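K.L.:
for reference, the sequence and a predicted model appear below.
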Amino acid sequence: MTASAEPAHKGGIKRFLAEQMRNIAPVFTLLALIVFFSTQSPVFFSWANALNILANASITGIIAVGLTFVILTAEIDLSVAAVANAIGITMAFFTMQPEYVNITTFPLPGLIALVLTVIAAFGIGSINAFGVTVIGIPSFIMTLAMMQIADGISAVLVRGQIAYNFPELITTLGGGTIYGIRWSIIVCVLFLLVGHLVLTYTRFGRYVYMVGGNREAAEYSGVNVRLIIASVMIISAVCSGIAGMLGVAYFGSAQQNGFNDFLLTAIAAVVVGGTSLFGGRGGIGNTIIGLLVLGVLNNGLDLINIDSFLKILIRGLILLAALVINVYAQKLKESAV
């Protein structure tokens, strides 16, 4: 091997490692968790428990689909959980509540309520998009502000009360089953499938990867970068809104802090699965693996009766490990250039 060929060979190895590290580590982690918990609990490796894992991950999965689009463009949306909660509560606002629930409502027919809440989610996403692409506010700051606004909407609408009634369609999709399988799982799978098809087989999907991979090159290629970023911010808000509508039905109630844990969980699902925080690498397949890793971890820890506080620590350590791999893979990629 010549002197000039040797550095090129090493660079090729580094590029290969950078490309594969994010994909291999999550799959290995998932398999290791499945093997470990299967040996620790006789209940873990059963069909009923598998459905339980999928059901618990379904609402997070819908949020994570939209968040995947955002992170692939090297942006972030910190408002997803707050938007989900606000839209879920808005759905309750448009539904007649029991007399003992002391909140103001504006009851509408179920389909109209559904359409209006989706429009509300679209509107929130449009505000995020306008702030990021037109005004030029960094997505971290813009969506942090929107998180506070959405939390405020939730507080004003329920005022510390809990709402229990929702339109029949939402109650069915969020809390109902078909042949023993929750509708929320089916809806989540459909969102994951559509997201994968869009990112993999459409021009818009290619543009998302181009914007995240090299924004300047995308602009030189004629891609409307601002339009792509605006679109993914709206997609994220709509996915969060639909997750919020189904989520309140899944939980059986809508309340002010109902989705507090979903922001970290959704981000963790995307990042743990291997999608790059620096944009341009990853996809829905990675998000699916991340959802399964977190779902199996949470379920397995519950089955072996791990202390709830220790459970939070373990989840944090796994997220930290994923972030380290993410950054290290990016450095490998940069050093191989």
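P.N.:
Thanks, I have it.
K.L.:
where does the chain dip in pLDDT?
P.N.:
Scanning the chain for pLDDT under 70 picks out 1-21, 329-337.
K.L.:
which parts of this protein are helices?
P.N.:
5-40, 47-72, 80-93, 110-130, 139-158, 168-175, 183-201, 203-213, 215-220, 225-251, 262-272, 284-303, 308-336 (DSSP state H).
K.L.:
got the angle between the last one and helix 284-303?
P.N.:
It refers to helix 308-336. 150 degrees (axes from the mean of the first three to the mean of the last three Cα atoms, to 10 degrees).
K.L.:
what's the spacing between the residue lying closest to Ser126 once chain neighbours are set aside and Gly279?
P.N.:
Closest residue to Ser126 apart from its sequence neighbours, by Cβ to Cβ, 6 or more residues apart in numbering: Ile234 at 6.0 Å. Every C-beta, even on glycine, is put in place using the N, C-alpha and C of the backbone. According to Cβ to Cβ, to the nearest Å, Ile234 and Gly279 sit 18 Å apart.
K.L.:
just Met142 next, same as before
P.N.:
Applying Cβ to Cβ to Met142 and Gly279 gives a distance of 17 Å.
K.L.:
neighbour count winner among those two?
P.N.:
The residue with more neighbours, out of Met142 and Gly279, is Met142; 25 against 22, by other Cβ atoms under 10 Å.
K.L.:
what's the closest non-adjacent residue to that one?
P.N.:
Nearest residue to Met142, sequence neighbours excluded (Cβ to Cβ, 6+ apart): Gly131, at 4.1 Å.
K.L.:
what's the burial count for that neighbour?
P.N.:
Quick note: Gly131 (other Cβ under 10 Å) scores 20 neighbours.
K.L.:
correct me if wrong: it contacts Leu144.
P.N.:
No. The pair Gly131 and Leu144 does not pass the contact test of Cβ atoms under 8 Å, sitting 10.8 Å apart.
K.L.:
quick one on the thing from earlier: for Ile112, see how far away the residue nearest to Met142 is.
P.N.:
From Gly131 to Ile112 the distance is 29 Å (Cβ to Cβ).
K.L.:
with Ile76 instead?
P.N.:
33 Å.
K.L.:
which one of the two has more residues nearby?
P.N.:
Ile76 (19 against 11).
K.L.:
got the contact list for the more buried one?
P.N.:
By Cβ atoms under 8 Å, 6 or more residues apart in numbering, the contact set of Ile76 is Val70, Ser139, Phe140, Thr143.
K.L.:
burial of the first one, as a residue count?
P.N.:
Pointing back at Val70 there. When neighbours are counted by other Cβ under 10 Å, Val70 comes out with 27.
K.L.:
residue numbering should commence at 37 henceforth.
P.N.:
Taking 37 as the first residue, the last one we looked at is Val106.
K.L.:
correct me if wrong: it contacts Val268.
P.N.:
Yes. The pair Val106 / Val268 is scored as a contact, 4.9 Å apart, by Cβ under 8 Å.
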